[in-house]
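**Q** build me a model from this:
(chains A and B)
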There are 2 protein chains.
Amino acid sequence: MAAIAICAPSTPFTHEDAARVTALAKTEFPEHSLHFHPQCFLADGHFAGPDEMRLAAFVECANDPAFDAVWFVRGGYGAVRIAQQAMERLDHHAEGKTYLGYSDAGTMLGALYRARIGRQVHAPMPADIRRQGGEDAVRRTLGYLAGDRAGLEPSLGETPAVAFNLMTLAMLCGTPIMPGLAGRVVMVEEVSEYLYAVDRLFFHVTAHLGGIAGLRLGRVSDVPENDRPFGTDADQIARYWCQRHSIPYLGRADIGHDAANRIVPFGVAGETRGQ
Amino acid sequence: MAAIAICAPSTPFTHEDAARVTALAKTEFPEHSLHFHPQCFLADGHFAGPDEMRLAAFVECANDPAFDAVWFVRGGYGAVRIAQQAMERLDHHAEGKTYLGYSDAGTMLGALYRARIGRQVHAPMPADIRRQGGEDAVRRTLGYLAGDRAGLEPSLGETPAVAFNLMTLAMLCGTPIMPGLAGRVVMVEEVSEYLYAVDRLFFHVTAHLGGIAGLRLGRVSDVPENDRPFGTDADQIARYWCQRHSIPYLGRADIGHDAANRIVPFGVAGETRGQ
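**A** A predicted model of the protein is given here:
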């Protein structure tokens, strides 16, 4: 059903894990074809190859008419170093594609959403195969690309929505790759941050989200233990900052850095999502 | 020489450490009088008392005509929750004062600088007494308030300068308490962040610093060890992002989360700093 190109704008993957994802796809989704770009396996310090190679691999995948979708292999950090240049190099073949990922790959989704290139989807990535129950996460994305809507985030409705990692979104705010989010439901999730850092990020992000339709909080997981308890929980933090910045707080979202992470196709105003 | 009010917009201090700072001041700077606001010793979860009490204590210190200076006792996190409301409550007594601190207290300095209230000074805080050699850091601020200019950051010149913790500045960017920094030399320092997070913060901050006179990098200390080396160092990161965003990189600054942290009075355009 879909020819899927896989590249790594942030950090590298391994051949072993790629083989597991390929085997799962071959068995359960024979209608798909998966193409791991060799750049996925490069390493250059923190990154999956130098900036120029990560940029070139993404542009190659996005501009290749043979592919229907570009699936980001993994987050980590690194996409902000190439996202703006990448948009400038995309041609019309990039416009018809679906782009999928989350975490640091949300940077690419955000830049594409701003540039109105293709369809952006918050979705599990190949690297989720490493999690306990991770096969289900990988299946969710492959199923979505096969037309299965069961993996969609359950609160999705008429109002267009987007989903981001909180830190990733915070870093985009006010930069040349930040998309306009007015009128959207914005879902955020976080992992491995102290609650004081979550509070700080909420100050920053909500100051930049004037005019959004509302905010939903995904899971805030693996919070490190601090020398003293923060005093409130992530839900109270989200409520507090939404109230401070006059943003409707809509409750929880079924997304997070885990195997249960659901799918959020970025909504376009006037377009009905879901079915 | 100076009546100094001390309050805690972020996290709490202890009576024991306050006594050490008071004793040092009494012995070496008998011309000063130090007044620790009792709010410094409150605790409410992460914070030095609830938002309303931290806010009230700061406003009380700033608006009291008996004081010449307001010294922030400690960083940590919390000032963004009260900074904007604080500016709205300050009266003309707050305008003649000097405000000193760094780290999370940079939030208060930034908001005051934006509001053009008083003189803002990046300077060691009472909590630095806890560091090895911390007495010298405390002496540096007390000496500065007594007219000693030996503790000034050595690169300070004709161009007005400011200094911030990198994360603190990143969180201010684009918010209602972010000061305009065009024409200023901006010094940044960081502590306890992975180099990939420093790189990410530099992407964000330099995207917001168009028009500054230049950037100087303070110390980036206590970098946690990651599962793999980042590949470049903090100086290369600063150079890279300055070049990307057409900001002159001016070299290093003698500031940081350490006892050697020097003093940076926030410059006002047209005003000569230093001597």
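**Q** now the spatially most central residue of chain A: closest residue in space that isn't a chain neighbour?
**A** The centre of chain A sits closest to A:Tyr102, judged by CA atoms, centre = their mean, with a distance of 1.9 Å. Closest residue to A:Tyr102 apart from its sequence neighbours, by CB to CB, 6 or more residues apart in numbering or on different chains: A:His122 at 4.9 Å. Backbone N, C-alpha and C define where each C-beta goes, glycine included.
**Q** can you list the weak-confidence ranges in the stretch 1-150 of chain A?
**A** The stretch 1-150 of chain A contains no residues with pLDDT under 70.
**Q** that one against chain B: which residues are in contact?
**A** Residues of the stretch 1-150 of chain A lying close to chain B (CB under 8 Å from any CB of the partner chain) are A:43-47, A:76-78, A:80-81.
**Q** which neighbouring elements make contact with whichever strand or helix holds A:Trp71?
**A** A:Trp71 is part of strand A:69-72, with elements assigned from DSSP states H and E. Here strand A:69-72 touches strand A:3-7, helix A:51-63, strand A:98-101, going by 3 or more CB pairs under 8 Å, 6 or more residues apart in numbering or on different chains; DSSP states H and E.
**Q** using JSON lines, lay out those together with distance to A:Val198.
**A** Below are these laid out as JSON lines (distance: least, CB to CB, whole Å):
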{"stretch": "strand A:3-7", "distance to A:Val198": "30"}
{"stretch": "helix A:51-63", "distance to A:Val198": "29"}
{"stretch": "strand A:98-101", "distance to A:Val198": "22"}
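**Q** just the ones you listed: most buried one?
**A** For these, the largest average neighbour count (mean count of other CB atoms under 10 Å in any protein chain shown) is found in strand A:98-101, namely a mean of 25.
**Q** where does A:Met187 sit: helix, strand or coil?
**A** The three-state assignment at A:Met187 reads strand, by DSSP: H, G, I helix; E, B strand; the rest coil.
**Q** which non-adjacent residue is nearest A:Gly256?
**A** Per CB to CB, 6+ apart, closest to A:Gly256 is A:Arg219, 3.0 Å.
**Q** so, low pLDDT: which residues of the stretch 151-275 of chain A?
**A** Looking at the stretch 151-275 of chain A by pLDDT under 70, you get A:269-275.
**Q** swap the cut-off to 90 and go again
**A** Applying pLDDT under 90 to the stretch 151-275 of chain A flags the ranges A:225-227, A:268-275.
**Q** can you report phi and psi for whichever residue of it sits closest to chain B?
**A** Relative to chain B, the nearest point of the stretch 151-275 of chain A is A:Gly231 (1.8 Å; CB to the nearest CB). Here is the backbone geometry of A:Gly231 (degrees, to the nearest 10): phi 120, psi -30.
**Q** for it, give me its contacts.
**A** B:44-47 (CB atoms under 8 Å, 6 or more residues apart in numbering or on different chains).
**Q** can I get those in TSV including distance to chain A and secondary structure?
**A** Rendered in TSV, the data for the contacts of A:Gly231 read as follows (distance: CB to the nearest CB, whole Å; DSSP: H, G, I helix; E, B strand; the rest coil):
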residue	distance to chain A	secondary structure
B:Asp44	6	strand
B:Gly45	2	coil
B:His46	5	coil
B:Phe47	7	strand
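**Q** out of those, grab the one that's most surrounded.
**A** Among the contacts of A:Gly231, B:Phe47 has the most neighbours (other CB atoms under 10 Å in any protein chain shown), with 27 neighbours.
**Q** before we move on, back to that, and the strand holding A:Trp71, which strands flank it?
**A** Here strand A:69-72 has these sheet partners by DSSP bridges: strand A:3-7 (parallel), strand A:98-101 (parallel).
**Q** so which bits of whichever helix or strand comes after it are buried?
**A** Downstream of strand A:69-72, the first helix or strand assigned by DSSP H and E is helix A:83-89. Going by neighbour count (16 or more other CB atoms under 10 Å in any protein chain shown), the buried part of helix A:83-89 is A:83-84, A:86-87.
**Q** over to stretch A:247-256?
**A** For stretch A:247-256, a neighbour-count test (16+ other CB under 10 Å) marks A:247, A:249-250, A:253-256 as buried.
**Q** endpoints of that stretch, how far apart?
**A** Stretch A:247-256 has an end-to-end distance of 21 Å (criterion: CA to CA, to the nearest Å).
**Q** before we move on, the earlier item: and the helix or strand hosting the residue nearest to A:Gly256, what other elements does it pack with?
**A** In the assignment (DSSP H and E), A:Arg219 maps to strand A:214-221. For strand A:214-221, the elements it packs on are strand A:185-191, helix A:195-208, helix A:234-244, strand A:249-252, judged by 3+ CB pairs under 8 Å, 6+ apart.
**Q** how about CSV for those, with distance to chain B added?
**A** Putting the helices and strands packed on strand A:214-221 into CSV (distance: least, CB to the nearest CB, whole Å) gives the following:
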stretch, distance to chain B
strand A:185-191, 14
helix A:195-208, 4
helix A:234-244, 8
strand A:249-252, 17
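**Q** among the ones you listed, which is nearest B:Thr175?
**A** helix A:195-208 (4.1 Å; CB to CB).
**Q** for that closest one, list the C-alpha coordinates in PDB.
**A** Output in PDB follows, covering the C-alpha atoms of helix A:195-208 (Å, rounded to 0.1, in the frame of the first residue of the first chain):
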ATOM      1  CA  LEU A 195       8.800  18.800  37.100                       C
ATOM      2  CA  TYR A 196      10.400  22.200  37.700                       C
ATOM      3  CA  ALA A 197      11.700  22.000  34.100                       C
ATOM      4  CA  VAL A 198       8.300  21.000  32.900                       C
ATOM      5  CA  ASP A 199       6.900  24.000  34.700                       C
ATOM      6  CA  ARG A 200       9.500  26.300  33.100                       C
ATOM      7  CA  LEU A 201       8.800  24.800  29.600                       C
ATOM      8  CA  PHE A 202       5.100  25.400  30.100                       C
ATOM      9  CA  PHE A 203       5.700  29.100  31.000                       C
ATOM     10  CA  HIS A 204       7.600  29.400  27.700                       C
ATOM     11  CA  VAL A 205       5.400  27.400  25.500                       C
ATOM     12  CA  THR A 206       2.100  28.800  26.700                       C
ATOM     13  CA  ALA A 207       3.400  32.400  26.200                       C
ATOM     14  CA  HIS A 208       3.800  31.500  22.600                       C
END
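**Q** surely the residue nearest to the centre of chain A and A:Ala123 touch.
**A** Yes. Contact criterion CB atoms under 8 Å: A:Tyr102 and A:Ala123 qualify, at 6.6 Å.
**Q** common neighbours of these two, please.
**A** Taking CB under 8 Å, 6+ apart as the criterion, A:Tyr102 and A:Ala123 both touch A:Asn261.
**Q** pretty sure the residue nearest to A:Tyr102 is touching A:Val264, no?
**A** Yes. Using CB under 8 Å as the test, A:His122 is close enough to A:Val264 to be in contact (4.0 Å).
**Q** and A:Met178, how far is that from A:Leu169?
**A** Per CB to CB, to the nearest Å, A:Met178 is found 9 Å from A:Leu169.
**Q** neighbour-wise, which of the two wins?
**A** For A:Met178 versus A:Leu169, the count of surrounding residues by other CB under 10 Å is larger for A:Leu169: 26 against 18.
**Q** the closest residue to that one other than its chain neighbours: neighbour count?
**A** Excluding the flanking residues, the one nearest A:Leu169 by CB to CB, 6+ apart is A:Val205, at 5.7 Å. By the criterion of other CB under 10 Å, A:Val205 has 24 neighbours.
**Q** now do the same contact list for A:Val205.
**A** With CB under 8 Å, 6+ apart, A:Val205 has these contacts: A:166, A:169-170, A:173, A:188, A:241.
**Q** and if you look at A:Thr22?
**A** Taking CB under 8 Å, 6+ apart as the test, what A:Thr22 contacts is A:34, A:36.
**Q** sorry, back to before: adjacent strands (with direction) for the strand holding A:Arg219?
**A** strand A:185-191 (parallel), strand A:249-252 (parallel).
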